[in-house]
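Chemist: 3D model of this:
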Amino acid sequence: MLTFEEKIAIIEEFPELERVNVSLGRVNFQFKESVSDKKNVVYHLHPNGNGFVYAGQLSNYQTNDKGMANIRDYSEKELKQIIKEAIISLSAVERPVTETAIIGENLEERWVNEENEVLLLINEDEAWNIYFGLNLEESFSTYEEAEMFLVEEGFKRS
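Modeler: Residues are numbered from 1 along each chain as shown. Next up is the predicted model:
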């Protein structure tokens, strides 16, 4: 079992997490950029080594009724993995059904401009297509051409 200090050192490797000291020497680590109401990634890490990581949206961890996985006996590798997955799960914006229908299993990127308009760049059948909602806006034969177009139009990868 990792010690409290070892767990703290591992968790502090994630710059997106902010340490919050709570009662009885326990520590929380919050992900302020979370797209959900859940902000605590690490919850009540105790000096005795016990603690929890939010895994409520992850299917491969045993969790309590609050979606928390007990990390008391986790190895360094296991702890890093669950924290990484928790951050990703709290970063993920649910896609509208229309986007899901377009993207499928294809490689895609989201691009946003200053007006918060979103374009999807999707690699389909050896072409790089740019969609606005369900509408195909442009199609390019290379990623570089599509990227140049998006940058010229004032979009940035999100």
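Chemist: Neighbouring strands of whichever strand or helix holds Leu121 in the sheet, and parallel or not?
Modeler: Here Leu121 sits within strand 118-124, counting by DSSP states H and E. Note on strand 118-124: by DSSP bridges, its sheet partners are strand 108-112 (antiparallel), strand 127-132 (antiparallel).
Chemist: I'd like these laid out as CSV, including mean pLDDT.
Modeler: Converted to CSV, the strands paired with strand 118-124 look like this (pLDDT from 0 to 100):
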stretch, mean pLDDT
strand 108-112, 81
strand 127-132, 88
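Chemist: wait, which of these is closest to Ile10?
Modeler: Of all the strands paired with strand 118-124, it is strand 108-112 that lies closest to Ile10, at 30.0 Å by CB to CB. Just so you know, the C-beta spots here come from the backbone N, C-alpha and C atoms, and that holds for glycine as well.
Chemist: sorry, back to before: show me which parts of the strand holding Leu121 are buried, residue by residue.
Modeler: Val118, Leu119, Leu120, Leu121, Ile122, Glu124 (16 or more other CB atoms under 10 Å).
Chemist: Going by neighbour count, list what's buried in stretch 139-146.
Modeler: Buried, per 16+ other CB under 10 Å, within stretch 139-146: Phe140, Ala146.
Chemist: Next: stretch 30-40.
Modeler: Of all the residues in stretch 30-40, those buried under the rule 16+ other CB under 10 Å are Gln30, Phe31, Ser34, Lys38, Lys39, Asn40.
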